[in-house]
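**Student:** based on what follows, work out the 3D shape:
(chains A and B)
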Amino acid sequence: MLSSYINREKVYVEDIAKYEGQKITLYGWLYNKRLKGKLAFLLLRDGTGIIQCVMSVADVGEAIFQRAEEVTQESSIVITGQVRADQRAPGGYEILAEDLQIVHLAKDYPITPKEHGTTFLMDHRHLWLRSRKQNAILRIRHTIIQSIRDFFDQQKFVLIDAPIFTPAACEGTTTLFETDYFDTKAYLTQSGQLYMEAAAMAFGKVYCFGPTFRAEKSKTRRHLTEFWMVEPEVAYMDLNGAMELAENLVAYIVERVLDKHQEQFKVIERDTSKLETIKTPFPRIHYDEAAKILKEAGSEFVYGDDFGGGDETIISNQFDRPVMVHRYPAEVKAFYMKNDPEDQSRALCVDMLAPEGYGEIIGGGQREDDYDTLIEKIKKHNLPQSAFEWYLDLRRYGSVPHAGFGLGIERTVAWICGLHHVRETIPFPRLMHRLYP
RNA sequence: UCCCGAGUAGCUCAAUCGGCAGAGCGGGUGGCUGUUAACCACUAGGUUGCAGGUUCGAGUCCUGCCUCGGGAGCCA
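**Tutor:** Down below sits the predicted model:
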C-alpha cells in the first residue's frame, strides 16, 4: 500500500496556499488532535509545517471516522481532502478531510503538548526535533549555514576541508580530545586554521567549514564540546581586511535570515527589531578603549587580561550591532598571531562580540609571516617545533601577509534566534555531561 | 576543577513545625458538529535518585555517593 505513494512528488504544508480549492494528499504525522463528538480536528505535521484537518463523521462515514478517534500523537498518517481558507484555522488554511490512513500507530509518545524540563527534553532530543520550536531554530541554522557558503562562494573563495584527526595542538593541550591512532596518539581538531594558512598559499582565498572539538570542562550556556566553525583565510590580507570581511559576512547572514524566516522568528518569539539594525560598518574599538568602558562600568576586569563573559556583555551593550575589539595584549593570544609593528606588545587580532550579551562569535586576525619571529614564538609558548615544521615551510617558501578568522555557528544561531543556551542550536548537542542520544 | 541549586506518578510540580503522598497534563472509559496546549465526567497509575543514620514516626533532619541544572575559569 505504501509503495504506491512513497516516491511520488508530494504536496507539502509550506506550499498549501497554492492548492486552495484543490483535493490533495498530505503525508506526515499527527501533531495533536481535538475530538468534538462527531467532528475531529487533526493537526498534521509534515516537517515543513502544521495544518489542521477537519473531519466530520457525516462526510467520511463511521469506518474512517473511527480511525480519527484511534489515531495517537505522532502516529504517521496520510490525509486526503480539499484545501480551503478558513479564518478559524491556525495558519489560515485547513483540509476538509475525506480520507485518513494510519501508516503506523504510535504508542505513548513521551513528549506531550504540555511543558517539560530541559533534562527530559535533552534525553529525548531525537523526538524533540519534531516540535514546532526546534523545527524553526534548525531551519534558521540551515539558512545561516547556507548564507555563509553563498557569501564565500560568491566571492570566489575555495572550500578546502581541514582534517579532523590532527597530530598536535595549535593551542593548549588540556582542551584536546585524545584518540588512539594505531600505535600513536591523535587529537580531534580544535581549529582548521593552520591548514587553511597552507591552503591560502595554494589557492589565495579559502575557507573550511566543519566540526571542531574542545575538551574544556565548561558548563555554560555558550559551550559545547563539539561545535561547527567556518574559517576563512586570505593571502595578501591584513587585519583591516579581516575585519571588513567579518562584518560583511555577519551583515549578510542577518539580512538573509530576516528575509526568509519571519514565520520561524514568530514561532520562537524572537524580537527581530534588534536584528534590523545589524548593518555595516560595525564599530571597531581598540582593546584599550574596551578596557576604559569596563573601568567606567565598574568591572573588576584587570588590564592586560582577556575579557570574561560578563565583561563582554558590558562592552557589547554599548552598541546596537556587533562590535569588533582589536589589538589585545600579545601575551594572552596564540603563538601564530602577528604583533602590531607600531606596538610590539599588541597582537593584530580581533574578536567580534555579538549584541545582547551573546559574547564572542568571531576570533581572528593577521598571522605571523616572518620565519624567525614565528620560531621565537613557538619556543616562547613551549610548543614542540618538530610538530610545526610543515607550518614553518609556509614561511620558508613564499611567505606573505595573510589573515583570517573563525566564526562559531552555534553562538551565531543562539544570538540570531535569541536563545538562552547553545544546546538548542545544534541537532544533537555534545556537552560535558551529555553524549546521548 | 571549583562554587551554588535540584532529584516525589510517564511528564510538570505540590505536600505548612518531622505526623494519612496530592493536583494538572498524558494513558483508559464515556459524552459533545468549529476545536485552537479544546472541554466535561469517571478511572488506573508511587521502592519520594541510591546507601546508611537520628526518631514512636522521615518526601521533610544528618552523613556519604550518583545524576542533572545554573555559574566561574577557558574559549567560538
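**Student:** excluding its backbone neighbours, what's nearest the closest residue to RNA strand B within the stretch 251-400 of chain A?
**Tutor:** Proximity of the stretch 251-400 of chain A to RNA strand B (Cβ to the nearest atom of the strand) peaks at A:G308, 2.7 Å away. Backbone N, C-alpha and C define where each C-beta goes, glycine included. Distances taken as Cβ to Cβ, 6 or more residues apart in numbering place A:F301 nearest to A:G308, at 7.2 Å, with adjacent residues excluded.
**Student:** verify the stated contact: A:I102 with A:E69.
**Tutor:** No: using Cβ atoms under 8 Å, A:I102 makes no contact with A:E69, being 11.3 Å away.
**Student:** higher neighbour count, these two?
**Tutor:** Shown here are A:I102 and A:E69; by other Cβ atoms under 10 Å, A:I102 has more neighbours (16 against 12).
**Student:** mind listing the residues bridging to that one?
**Tutor:** A:I77 (DSSP bridges).
**Student:** just to revisit the earlier point, just say helix, strand or coil for the residue nearest to A:G308.
**Tutor:** Put simply, A:F301 is coil when judged by DSSP: H, G, I helix; E, B strand; the rest coil.
**Student:** give me the pLDDT value at it.
**Tutor:** With respect to pLDDT, A:F301 has a value of 86.
**Student:** what is the burial count for the residue in the stretch 1-150 of chain A that RNA strand B sits nearest to?
**Tutor:** As assessed by Cβ to the nearest atom of the strand, RNA strand B sits closest to A:G37 within the stretch 1-150 of chain A, at 1.9 Å. Using other Cβ under 10 Å, A:G37 has 6 neighbouring residues.
**Student:** adjacent strands (with direction) for the strand ranked longest in chain A?
**Tutor:** Longest among the strand segments of chain A by residue count, using DSSP state E, is strand A:23-36. Sheet partners assigned to strand A:23-36 using DSSP bridges are listed as strand A:39-45 (antiparallel), strand A:76-85 (antiparallel).
**Student:** any residues of the stretch 251-400 of chain A in contact with RNA strand B? List them.
**Tutor:** Residues of the stretch 251-400 of chain A lying close to RNA strand B (Cβ under 7 Å from any atom of the strand) are A:305-306, A:308-310, A:312, A:332, A:351, A:359-363.
**Student:** which segments of chain A make up each domain?
**Tutor:** Listed by automatic domain parsing, the domain ranges of chain A are A:2-104, A:125-425.
**Student:** helices along chain A, start to end?
**Tutor:** A:57-70, A:118-123, A:125-128, A:132-154, A:193-203, A:239-260, A:262-267, A:273-276, A:287-296, A:309-316, A:371-380, A:389-396, A:409-417 (DSSP state H).
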